[in-house]
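J.: Have a look at this fold, sequence not included:
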């Protein structure tokens, strides 16, 4: 049985306890949430990279890794994400539950929580600034990531489409920032920014597993948490996004690729929160499953693609269609894709399509608590949108979606951007 | 059913080998919503030369048939694709092909038995026509082109190409546009009838199920087919040495990708698990996250993240793979070789050895979190003649002396190669 509880540790700092006996592991996650801004995006990315390098009590990466190995291969991970208009620094530590440890005298869960908080809130500093050496290395590292964006062509095409749609807006920013800003950041300034940031951002601490200790007490007594101030957490509540009327834009980029990538970004205008569930079902019919129109028409019937699908971004009210195609078939594929959108508007889908789409979504919802990180992501998503619904309510809302609801979604969809990544030489044929 | 229990990870596997030769393994997981079923055949991309049971002469088929078959199995005589039927049931269905096996699977929270009906029906009823075979060539052609753009895949394939002279493991699982053009429905039926016989197959189920009941349900869904006897597989004689020590290809990557490969000898079945663990321990000690070498290379900005470390083996091949990204792969290669030599001379540090062993123990435990990971692990280990629990037992007992022996046997200079992809 799973039990979920939220506990305020301090103003702006929340503990989310997920008691479950399904897993061999305990998973601890700490999320720092702050608004995504042009000014700070690069600094945030750099902080996430620098913190994992060493803390006061574990000053080197080697030492962190050795201590984690001693804890039966506990694994630390960190990353940076944008969720709506927020930038989120994510830190995870996964370790095996004490039940599966041959030596019974250890308390791996407590050690895990302490170590993770130490890495995030007690960084290695020298003369009241970050380590110059680590800063230099991590700048190089972020630079490498930014320059390496083009390595994964499908992901690159998707992110580029988003950038085109959200030019000069927070959501159009690349989560790792940019090289120009990176070069100008110094160790002193970054440390000052960090100190402010950890005392202003929203902090969510998730502990999931078969928990036998008083986590709340542990956190309250933890020195790193004690040192944090109460705060009016500065972040952006993810609500329904208001859309301005946009003109359909086509963007083509050339690169050394064999397969072409189409990404179409669509704007969705919602009148109320309930319509998010309609949009989920709409997306499943359009391109969410192997039964979807995209998969059937573009891949199976026209044999045009190996990958063909769509996804719904609920935080920004967008639907993205993604397709990998032979470059010369661009116009053909585009025509078929647009036909699918039109068919959705005209209600050319059956009650069976709707029922199948719902089944797929509901199955996913039901298995949320089968994976620790999925479950944490689910509760955190609710935390950021301020809408708390149980899994049963969620399922009910999906079940209640009607054909009329779905066509309403279809009619409010507008193509914002068509992005195409293609080969440098290939000429187009067959319009 | 035979029950094997592991006290470390506190899980049980129920095993039954049916009269027709099919092996069924069930791992019950109380309280988990998802159920996972995977049905595999001991037949992968490497098996393109064989003797059909009952025949005398060898059969050779184009590269890529196993994968092509996997795609085509979903097609039904009714015109309805089984993948659509399964998706319509709200279950997540898929299939994959590796070098040594092919598997069909689904994961569900509802409609378990209807999905099992469909899975067992389509895997037992192939339907190939000239038209549906031709059409698939377009889709698979797109899949091959998609992989052509993946430098991670290319660096791997080039590694195998450099290590092996003859063994088919060096070829792409999908085949290429040329080889798949020769595939027709007769070839598909021939391979199907040879390899999709119950005696060459195994099914694994993981989830909240009653093993005895489920076994009966599975039996009910099996069509009457007799074990067809042993399939003789023919692999070329592969020399012990490597074909070449270096291979390079140009692709549009921001920073070079590299794989260091070490060609290994195939060992007897009973030693495989132990050897696998020894190699994992060694790789971690030499160039893992907590190693001196990794720190040194990180500080010199030669490496930015710890390389991924793998040991792959199956019928007729075994090799070590170290994969990463670096602006100077050759330097990684040279320092790696030096570190190996140093370790050989100084022997292994006990403290370090114990720490890495603890870590690997923990990693094995973690593999039992997810029903799909568990089922896939049991299936692929089974086709290698391994019960997955063996890893948990062996890791505790493995000795420093054995690991030192493996270091000297496997990590040999002239068996090492480097594959690089760069701009």
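T.: Structure's in. What do you need? Quick caveat, the model's predicted, so the values are computed rather than measured.

J.: what number of residues lie near residue B:147?
T.: Residue B:147: 17 surrounding residues under other CB atoms under 10 Å in any protein chain shown. Placement of C-beta: from N, CA and C, glycine included.

J.: The nearest residue to it once chain neighbours are set aside sits in which helix or strand?
T.: Distance criterion CB to CB, 6 or more residues apart in numbering or on different chains; nearest residue to residue B:147, sequence neighbours excluded, is residue B:153 at 4.9 Å. Take DSSP states H and E as the rule and residue B:153 turns out to sit in helix B:151-163.

J.: What's the local residue count around residue B:67?
T.: Residues contacting residue B:67 under the criterion other CB under 10 Å number 25.

J.: out of everything not next to it in sequence, what's closest to it?
T.: In space, and not counting its chain neighbours, residue B:67 is closest to residue B:97: 4.2 Å by CB to CB, 6+ apart.

J.: any idea whether residue A:14 is helix, strand or coil?
T.: Following DSSP: H, G, I helix; E, B strand; the rest coil, residue A:14 is assigned to strand.

J.: Could you give the bridge partners of it?
T.: Beta-bridge partners recorded for residue A:14 (DSSP bridges): residue A:8, residue A:204.

J.: how near is the residue nearest to residue B:67 to residue B:193?
T.: From residue B:97 across to residue B:193, the span is 18 Å (CB to CB, to the nearest Å).

J.: These two: which has the busier surroundings?
T.: Under the criterion of other CB under 10 Å, the comparison of residue B:97 against residue B:193 puts residue B:97 first, with 22 against 13.

J.: Which parts of the stretch 251-400 of chain A are strands?
T.: In the stretch 251-400 of chain A, the segments counted as strands under DSSP state E, counting those that start in this stretch are A:260-268, A:305-313, A:318-325.

J.: Return the list of helices and strands in contact with the last one.
T.: On a contact count with 3 or more CB pairs under 8 Å, 6 or more residues apart in numbering or on different chains; DSSP states H and E, strand A:318-325 meets helix A:153-165, strand A:260-268, helix A:275-283, strand A:305-313, helix A:330-345, helix B:130-148.

J.: Quick one: closest of the ones you listed to residue A:178.
T.: Nearest to residue A:178 among the helices and strands packed on strand A:318-325 is helix A:153-165; the distance by CB to CB comes to 11.5 Å.

J.: helices or strands next to that closest one in the packing?
T.: strand A:249-254, strand A:260-268, strand A:318-325, strand A:413-422.

J.: Which among those is found nearest to residue A:216?
T.: Taking CB to CB, strand A:318-325 is the member of the helices and strands packed on helix A:153-165 nearest to residue A:216, at 38.4 Å.

J.: which stretch of helix or strand covers residue B:286?
T.: helix B:272-287.

J.: Contacts for the helix or strand that comes right after that helix, please.
T.: Note on helix B:272-287: by DSSP H and E, the next helix or strand toward the C-terminus is helix B:292-299. Contact with helix B:292-299 is made by A:60-62, A:137, B:286-288, B:303-304, B:306, B:326, B:331-332, B:335-336, B:339, as judged by CB atoms under 8 Å, 6 or more residues apart in numbering or on different chains.

J.: out of the residues you listed, which are buried?
T.: Neighbour counting by 16 or more other CB atoms under 10 Å in any protein chain shown classes A:60-62, A:137, B:286-288, B:303-304, B:306, B:326, B:332, B:335-336, B:339 among the contacts of helix B:292-299 as buried.

J.: Restricted to helices, list these.
T.: With helices taken from DSSP state H, the overlap with the buried ones among the contacts of helix B:292-299 comprises A:61, A:62, A:137, B:286, B:287, B:332, B:335, B:336, B:339.

J.: Between those, which sits nearest residue A:378?
T.: Closest to residue A:378, out of all of those and judged by CB to CB, is residue A:61, at 31.6 Å.

J.: so where's the chain uncertain?
T.: Chain wasn't specified; assuming chain A. In the predicted model of chain A, residues A:1, A:426-431 satisfy pLDDT under 70.

J.: wrong one, chain B
T.: Short version for chain B, where the test is pLDDT under 70: none.

J.: number of nearby residues for residue 404?
T.: Picked chain A for this. By other CB under 10 Å, 9 other residues sit near residue A:404.

J.: um, chain B though
T.: 17.

J.: what's it in contact with, if anything?
T.: Counting by CB under 8 Å, 6+ apart, residue B:404 touches B:347, B:348.

J.: Surely it is in a strand?
T.: No: Residue B:404 is assigned helix when assessed by three-state DSSP, not a strand.

J.: measure it to chain A for me?
T.: With distances taken as CB to the nearest CB, to the nearest Å, residue B:404 is found 20 Å from chain A.

J.: care to break the chain down by domain?
T.: Here I'm looking at chain A. A:3-226, A:249-422 (automatic domain parsing).

J.: That was the other one, I meant chain B.
T.: Using automatic domain parsing, chain B is parsed into the domains B:2-233, B:246-422.

J.: now do the same end-to-end measure for the first one.
T.: By that I understand domain B:2-233. Using CA to CA, to the nearest Å, one end of domain B:2-233 lies 30 Å from the other.

J.: which residues in the stretch 301-423 of chain B form helices?
T.: B:329-346, B:350-366, B:371-382, B:389-397, B:400-410 (DSSP state H, counting those that start in this stretch).

J.: How far does the last one sit from its chain's centre?
T.: Pointing back at helix B:400-410 there. Taking CA atoms, centre = their mean, to the nearest Å, one finds helix B:400-410 lying 25 Å from the centre of the chain it belongs to.

J.: got the buried residues for that helix?
T.: B:400, B:402, B:403, B:404, B:406, B:407, B:410.

J.: ok, back up a step: can you tell me which of the ones in helices among the buried ones among the contacts of helix B:292-299 is closest to residue B:414?
T.: Comparing these against residue B:414 with CB to CB places residue B:336 closest, at 14.3 Å.

J.: State the distance from that closest one to chain A.
T.: Taken as CB to the nearest CB, the span from residue B:336 to chain A is 17 Å.

J.: buried residues in stretch B:42-56?
T.: B:42, B:43, B:44, B:45, B:46, B:47, B:48, B:50, B:51, B:52, B:53.

J.: And for stretch A:111-125?
T.: Buried, per 16+ other CB under 10 Å, within stretch A:111-125: A:111-124.

J.: circling back to that earlier point, between the domains of chain A, which one is closest to residue B:391.
T.: Closest approach to residue B:391 among the domains of chain A (CB to CB): domain A:3-226, 13.6 Å.

J.: what's the distance between the residue nearest to residue A:114 when sequence neighbours are not counted and residue A:58?
T.: Distance criterion CB to CB, 6+ apart; nearest residue to residue A:114, sequence neighbours excluded, is residue A:222 at 6.8 Å. Per CB to CB, residue A:222 is found 16 Å from residue A:58.

J.: The residue of the stretch 301-431 of chain A at minimum distance from chain B: what's it in contact with?
T.: Nearest residue of the stretch 301-431 of chain A to chain B (CB to the nearest CB) works out as residue A:359 at 2.7 Å. Residue A:359 makes contacts with B:88, B:89, B:90, B:110, B:111, as judged by CB under 8 Å, 6+ apart.
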